[in-house]
Each structure stands twice: as structure tokens, then as C-alpha cells.
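A.B. asks: one predicted model, sequence on top.
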Amino acid sequence: MRTDEKHLMSEVQAGNQEALEILLRQNNGLIWCVVKRFCGRGYDLEDLYQIGSIGFIKAVRRFNMDFDYKLSTFAVPYIMGEIKKFIRDDGMIKVSRKIKELSIKIKEIEKDYLLKNGETVTIKDLSSILNESEDDVCSAIESGRQIESINEVFVENGKEEKIERIIGKEDDQNKIVDKIVVNDMVNKLSFRDRTIIKLRYFKEKTQVQVAKILGISQVQVSRIEKKILDDMKEKMVG
């Protein structure tokens, strides 16, 4: 059997089990790279590997052959997402329908508030606006922090553009995972913070330009940006 990646993916999507087993073997290192990020959580790594493999298989079956990036780029969020879902469902985080609905409302309020006021709405304000407890607001915010597509569309001046491709031809598996994890952290930021990072590092805007777009001062942009980067570095090291 041919073992080139796209041929194997086509075979898997056609139901070929042997092709799936070959792809799993070829990407064994990638799956383990993701699994090792969950060391110290109280779970057997072999068990997490099996869960991560399920995520990888889902990625293979959903991969569009017209995509112009690698399977590894597409698969890492699925592998990581499947493991996180397993950990949540195992009892660490239980999300009710009410909390899910609250999370959707909060995202809309965050966007509107930032556009109107030029700053992020506080937990206390959200609690008052929604007439919900601060604990429920915090739970809803956490529940909404899920892995988003690395092919996410970013809108600027009415024009939709995909965020910068993050995989280079020479990247090894650890670098691939690191870059996707960074992208995941960016997607988990508040609407304001995410906008600042994307304008600065994906759209290559100056701090002055970002300040003008958001209606705040350059000093505020500088301070916010530094705090975001410091927090991200700490999470990467941890």
C-alpha cells in the first residue's frame, strides 16, 4: 500500500482500516507530544494516548483534501480537545445548559461593551447586567474557553482574512505543538486582549495604530500587551 499522507487519508475516509493503522503509526510521536502536556494531572498517560488517538482519527476523517496545510496542523486541536473533553467529563468540569447559554450571552456583551467603552467589561458588571451571580459568570466564561479553529477568520475594516499560517516546512513536532498551543492561548483571551494580539502580531499594526482602532491610548495598549505576553510566557513555561 502507498504510504504518502494524502493517499492514506483518502483511504481512511473511504473506510480502509489498514490505512488508518499506518497513519496512526506515522503520527505516534505527534500524539505523544500532545499527551505529555497533560503530565501531572493524575491520569495514566497511556490512557490519555488512547483518548488522543480518537481525536487524531476524528481529524483524519474530517480533513478536507483541499486544505493547503498539513494534517498535523489540523489534528493537534482535535487531539488536545478530545483529551480535555475526557478530563472535563471525568468530573473536573461539569457544564450545565444554563452555563452554556450564559456563556453565549457574555460573549455578545463583551464585544458590545468593548466597542462602546474601549475597555473590557468586568465580572461585577457582567453579573449586574445579566442578574446572575459572579460565580456563575466566572463558570460561564471558563466553559466558553474552548479550542477554536487555527483557520479562524479575523475581520478588519470589513474584510475577512485568515490568521497567519503557523506551520513552516522545517518545523519538528514539538515546534508544531508549541505554535498550536500559542494559537490556542490567543483564542482563549478576552475579546479586547485577543484583538490587540492579532492586530499587533498577525496584522503587524503598531501600538499607535491599535490604540486608534480600539479608541484607547498607546500607553494602555503597551501595558495591556506586556501583561498578555508575560502571562502567556508563564503558561508556556508552566
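C.D. replies: Looks like it arrived, so ask away. Residues are numbered from 1 along each chain as shown.
A.B. asks: distance from the chain centre to stretch 34-46, please.
C.D. replies: Averaging C-alpha positions (C-alpha atoms, centre = their mean, to the nearest Å) puts stretch 34-46 19 Å from its chain's average.
A.B. asks: now stretch 57-70
C.D. replies: 17 Å.
A.B. asks: now do the end-to-end distance for it.
C.D. replies: 15 Å (C-alpha to C-alpha, to the nearest Å).
A.B. asks: mean confidence score for that stretch?
C.D. replies: Averaging pLDDT along stretch 57-70 yields 82.
A.B. asks: pLDDT at residue 22, what is it?
C.D. replies: 91.
A.B. asks: helix, strand, or coil at it?
C.D. replies: What DSSP: H, G, I helix; E, B strand; the rest coil gives for residue 22 is helix.
A.B. asks: ok, it to residue 188 distance?
C.D. replies: Taking C-beta to C-beta, to the nearest Å as the measure, residue 22 and residue 188 are separated by 34 Å. C-betas here are computed from N, CA, C, even on glycine.
A.B. asks: what confidence value was assigned to residue 18?
C.D. replies: 90.
A.B. asks: sticking with it, tell me its helix or strand.
C.D. replies: For residue 18, the element it lies in under DSSP states H and E is helix 17-26.
A.B. asks: who touches that helix?
C.D. replies: The contact list for helix 17-26 (C-beta atoms under 8 Å, 6 or more residues apart in numbering) reads 1, 3, 5, 8-9, 11-12, 31, 53, 56-57, 60.
A.B. asks: any chance of the residues you listed in TSV, plus distance to residue 203, secondary structure and neighbour count?
C.D. replies: Listed next are the contacts of helix 17-26 as TSV, based on distance: C-beta to C-beta, whole Å; DSSP: H, G, I helix; E, B strand; the rest coil; neighbours: other C-beta atoms under 10 Å:
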residue	distance to residue 203	secondary structure	neighbour count
1	44	coil	9
3	40	coil	11
5	32	helix	16
8	36	helix	22
9	32	helix	20
11	40	helix	18
12	37	helix	21
31	33	helix	23
53	36	helix	17
56	32	helix	25
57	35	helix	18
60	32	helix	22
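A.B. asks: what's the closest of these to residue 128?
C.D. replies: Nearest to residue 128 among these, counting by C-beta to C-beta, is residue 56 at 44.1 Å.
A.B. asks: which elements pack onto the helix or strand hosting residue 49?
C.D. replies: Taking DSSP H and E as the definition, residue 49 sits inside helix 45-62. Contact here means 3 or more C-beta pairs under 8 Å, 6 or more residues apart in numbering; DSSP states H and E; on that basis helix 45-62 packs against helix 5-13, helix 17-26, helix 28-35, helix 71-87.
A.B. asks: of those, which approaches residue 99 most closely?
C.D. replies: Using C-beta to C-beta, the helices and strands packed on helix 45-62 put helix 71-87 closest to residue 99, at 15.8 Å.
A.B. asks: and the closest one, how far from the chain's centre?
C.D. replies: Remark: helix 71-87 is offset 10 Å from the chain centroid, using C-alpha atoms, centre = their mean.
A.B. asks: swap in stretch 20-33?
C.D. replies: 21 Å.
A.B. asks: measure that stretch end to end?
C.D. replies: End-to-end span of stretch 20-33 (C-alpha to C-alpha): 19 Å.
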